[in-house]
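Novice: could you work out the structure for the sequence below:
(2 chains)
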Amino acid sequence: MSAGEIARDVRAGVRSARDVVEEHLAAIAGREDELHAFNLVLVDEARATADEVDRRVAAGEDPGPLAGVPVALKDNLCTRGVPTTCSSRMLEGWRPPYDATVVTRLSRAGAVIVGKTNMDEFAMGSSTENSAFGPTRNPHDPSRVPGGSSGGSAAAVAAGFAALALGSDTGGSIRQPAALCGVVGVKPTYGLVSRYGVVAFASSLDQIGPLAANVADAALALEVIAGHDRADSTSIPRPAPALSDVLLDGVDGLRVGVVRELVDAVDPDVGRRLAEAAGALEAAGAKVDEVHLATASLGLSAYYLLATAEASSNLARYDGVRYGLRVDGDDITAMYGATRAAGFGAEVKRRIMLGTYALSAGYYDAYYGQAQRVRTLLIRDMEAAYASYDLLLAPTTPTTAFELGAKTADPLTMYLSDVCTIPSNLAGHPAMSVPYGVGDDGLPIGVQLLAPALGEATMFRAAAALEASLA
Amino acid sequence: MALISRDDVAHVARLARLDLTEAELDQFAGQLAAVLEHAADVAALDTAGVPPTAHPFELVNVLRDDVAGPCLDRDEVLAMAPAAEDGRFRVPRILGEAP
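Specialist: Next up is the predicted model:
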């Protein structure tokens, strides 16, 4: 049952939110031990919230557009009084004193929070294997990764543990796991969704977005969480876009550019599904052409210098003073070093090191400064493409879901799996992954729609057309 | 460009306040060198005249009226601290022994 159907039935009083949540809790009980999508399942809280939704319906009130919809939250979204770990020993046991804005908005819309999902530690990774609490497995094949870093959120939706989930996307962390788990994943325009209460990784790139089983549910979720928030100074001062109303508007006359450099970067079966998607949009009336983004591959290197530089600064806050882990030392410097050595996992340490190096005296211009200039070149390239095209079409990932352990020995190999998703983060543009068939191994493949800033409505129209072409 | 040496790694670890083991120093020296080698395309690019981008959109200061509003509860915040005393965070000694 879709999120839209659940909300419709619960609001109409033909189905109780309690029944809906019990169904999802039963699905979790059946398969969570195998998949480990969650760091924490909020059984009692979810039941209590559902009962409150039912009470309001019985009293003639409208609980909101997500009435009774079970939602899973990535464990880097702050929930007041409820543990928020970022899958790190550093924050084990920490209970935030406030809710993230997206959590407040979901609750006001009648959603039922069912749990906090597993992730790569501090959102650094592409497989959810960098969790301090053990990996999440792909519901389509538990020997494979779900992608990452929002792997728990993608697995939770794919396994029917929740009708919707929220993730965060810094270099593809919503879209890549969505593709590998066969669900829809959206990275909105930078600033469309408030970042207040998401634990910061790379602040000029981070954006919260929904994962859903279908395009209409993703639109519904984004309408609820988007819109200006005074608590985030980078929040765009305009209301949430209307998306549900445009899904049936079609793609007739839309100009779509297929990004040649990203097609060249993927496996043949992924490329074939992408060609089919391009054909489907053309059949629906879009004008589809090939477009070049010469700087796309440079984006990967630029990203890993910029994101780690920002992370090395953001993660300086984990010093054992105000919250989280402390390991005592003889003086404060010894305490800092011992706390951070014990609290961070290998990938987080590696990225702090890379970022600190890229910012250090003697290397700042060659690495961080150059990466910032490459970011400018990539944005110019993309804006030039959008002068001729309304949307771009590209693969989401180079391959289908890979085996656990396949890429953990060589960090660079893991980083390369983000090549298709990084450009939108560097530009601040929206992009989304839509499931489009399976690969030669029978595992899900996603195709990616990219739009210029605040182009969500056009992007969702094309996503709905792609989804309809598979039906 | 000279790639990262083991001494560089140790220096950067000190800057980042990260106590690394001998094994980690060796491992990171190799892994960071591989990433930096991949980034050689960026480092080598001619970007004369290209301005840097620090943020995707033009930002201006966001100000509000200077009026006191609600904030986090001090006791609730301190309850999550590793150590607190007299309404403050408690930390190890910062200066040397008192005379």
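Novice: helix/strand/coil for whichever residue of chain B sits closest to chain A?
Specialist: For chain B and chain A, the shortest gap (C-beta to the nearest C-beta) falls at residue B:56, measuring 2.5 Å. Every C-beta, even on glycine, is put in place using the N, C-alpha and C of the backbone. Three-state call for residue B:56 (DSSP: H, G, I helix; E, B strand; the rest coil): coil.
Novice: ok, the nearest residue to residue A:373 once chain neighbours are set aside - contacts?
Specialist: For residue A:373, ignoring the flanking residues on the chain, the nearest one in space by C-beta to C-beta, 6 or more residues apart in numbering or on different chains is residue B:47 at 3.9 Å. Residues counted as contacts of residue B:47 (C-beta atoms under 8 Å, 6 or more residues apart in numbering or on different chains) are A:370, A:373, A:374, A:377.
Novice: what's the answer for residue A:271, then?
Specialist: A:263, A:395 are the contacts of residue A:271 under C-beta under 8 Å, 6+ apart.
Novice: assumed the residue nearest to residue A:373 was part of a strand.
Specialist: No - counting by three-state DSSP, residue B:47 is located in no strand; its state is coil.
Novice: center of chain B, which residue is that?
Specialist: residue B:16 (6.4 Å; C-alpha atoms, centre = their mean).
Novice: so what's it closest to, chain neighbours aside?
Specialist: residue A:356 (4.4 Å).
Novice: quick one: mean pLDDT for stretch A:168-181?
Specialist: Taken as a whole, stretch A:168-181 carries a mean pLDDT of 98.
Novice: re the thing from before, can I get the contacts of residue B:47 in CSV with neighbour count?
Specialist: Shown next, in CSV, are these (neighbours: other C-beta atoms under 10 Å in any protein chain shown):
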residue, neighbour count
A:370, 25
A:373, 21
A:374, 28
A:377, 18
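Novice: in strands, which of these fall?
Specialist: With strands taken from DSSP state E, there is no overlap with those.
Novice: closest to chain B among the residues you listed?
Specialist: For the contacts of residue B:47, the minimum distance to chain B (C-beta to the nearest C-beta) is 3.9 Å, reached by residue A:373.
Novice: now do the helix or strand bottoming out on mean pLDDT in chain A: which elements does it pack against?
Specialist: Here the helix or strand of chain A ranked lowest by mean pLDDT, DSSP states H and E is helix A:411-416, holding a mean of 90. On a contact count with 3 or more C-beta pairs under 8 Å, 6 or more residues apart in numbering or on different chains; DSSP states H and E, helix A:411-416 meets helix A:296-314, helix B:22-38.
Novice: list the buried residues of whichever strand or helix holds residue A:19.
Specialist: Assessed by DSSP states H and E, residue A:19 sits inside helix A:17-35. Using 16 or more other C-beta atoms under 10 Å in any protein chain shown as the burial criterion, the residues of helix A:17-35 that qualify are A:17, A:18, A:20, A:21, A:24, A:25, A:27, A:28, A:31, A:32, A:35.
Novice: and the stretch 101-250 of chain A, which residues reach chain B?
Specialist: A:190, A:191, A:204, A:230, A:233, A:234 (C-beta under 8 Å from any C-beta of the partner chain).
Novice: filter the residues you listed to the buried ones?
Specialist: The buried subset of these (16+ other C-beta under 10 Å) comprises A:190, A:191, A:204, A:234.
Novice: re earlier: and the residue nearest to residue B:16, what does it touch?
Specialist: Contacts for residue A:356 (C-beta under 8 Å, 6+ apart) come out as A:312, B:12, B:15, B:16.
Novice: got the residues you listed as TSV, with pLDDT, distance to residue A:225 and secondary structure columns?
Specialist: Shown next, in TSV, are those (pLDDT from 0 to 100; distance: C-beta to C-beta, whole Å; DSSP: H, G, I helix; E, B strand; the rest coil):
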residue	pLDDT	distance to residue A:225	secondary structure
A:312	98	29	helix
B:12	97	38	helix
B:15	97	37	helix
B:16	98	34	coil
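Novice: SS state for residue A:437?
Specialist: Here residue A:437 takes the strand state, with states given by three-state DSSP.
Novice: how about it, nearest residue that isn't a chain neighbour?
Specialist: Leaving out its chain neighbours, residue A:437 is closest to residue A:273 (C-beta to C-beta, 6+ apart), at 4.9 Å.
Novice: in strands only, show me the buried ones among the residues of the stretch 101-250 of chain A next to chain B.
Specialist: Among those, no member lies in strands (by DSSP E).
Novice: ok, so of those residues, who is nearest residue A:433?
Specialist: residue A:190 (17.5 Å; C-beta to C-beta).
Novice: phi and psi next, for the closest one.
Specialist: Backbone torsions for residue A:190, taken as degrees, to the nearest 10, come to phi -60, psi 130.
Novice: surely it meets residue B:56?
Specialist: Yes - judged on C-beta atoms under 8 Å, residue A:190 makes contact with residue B:56 at a distance of 4.8 Å.
Novice: between these two, what contacts are shared?
Specialist: By C-beta under 8 Å, 6+ apart, the residues touching both residue A:190 and residue B:56 are A:204, A:428, A:429, A:453.
Novice: neighbours of residue A:424, how many?
Specialist: As a burial measure, residue A:424 scores 30 neighbours (other C-beta atoms under 10 Å in any protein chain shown).
Novice: nearest spatial neighbour of it, skipping sequence neighbours?
Specialist: residue A:431 (3.9 Å).
Novice: excluding its backbone neighbours, what's nearest residue A:165?
Specialist: residue A:153 (3.7 Å).
Novice: now do the contacts for the residue nearest to the centre of chain B.
Specialist: Applying C-beta under 8 Å, 6+ apart, we find residue B:16 in contact with A:312, A:340, A:352, A:353, A:356.
Novice: same thing with residue B:70?
Specialist: With C-beta under 8 Å, 6+ apart, residue B:70 has no contacts at all.
Novice: what's the pLDDT at it?
Specialist: pLDDT for residue B:70: 90.
Novice: any idea how far residue A:231 is from it?
Specialist: Distance, residue B:70 to residue A:231, using C-beta to C-beta, to the nearest Å: 12 Å.
Novice: sorry, back to before: next one: the residue nearest to residue B:16 from residue B:53, what distance?
Specialist: 21 Å.
Novice: mind checking the SS state of residue B:76?
Specialist: helix.
Novice: tell me where the stretch 51-200 of chain A has helices.
Specialist: Assigned by DSSP state H, counting those that start in this stretch, the helices in the stretch 51-200 of chain A fall at A:101-108, A:151-158, A:175-181.
Novice: of all these, which one is nearest residue A:347?
Specialist: helix A:151-158 (13.7 Å).
Novice: tell me which other helices or strands that closest one touches.
Specialist: strand A:38-41, strand A:70-74, strand A:112-117, strand A:164-168, helix A:175-181, strand A:208-212.
Novice: report the inter-axis angle for that helix versus helix A:17-35.
Specialist: Comparing the axes of helix A:151-158 and helix A:17-35 via axes from the mean of the first three to the mean of the last three C-alpha atoms, to 10 degrees yields an angle of 120 degrees.
Novice: distance check, residue A:308 against residue A:258.
Specialist: In terms of C-beta to C-beta, residue A:308 sits 31 Å off from residue A:258.
Novice: likewise for residue A:455?
Specialist: With C-beta to C-beta as the criterion, residue A:455 and residue A:258 are 17 Å apart.
Novice: who has more neighbours, residue A:308 and residue A:258?
Specialist: Using other C-beta under 10 Å as the criterion, residue A:308 and residue A:258 rank with residue A:308 on top: 28 against 21.
Novice: so that one sits against residue A:348, correct?
Specialist: No - judged on C-beta under 8 Å, residue A:308 makes no contact with residue A:348 at a distance of 10.2 Å.
Novice: for residue 78, give me the pLDDT.
Specialist: Just going to use chain A. 98.
Novice: that's the wrong chain, I wanted chain B
Specialist: 96.
Novice: surely it touches residue B:89?
Specialist: Yes - the criterion here is C-beta under 8 Å, and residue B:78 meets it with residue B:89 at 7.2 Å.
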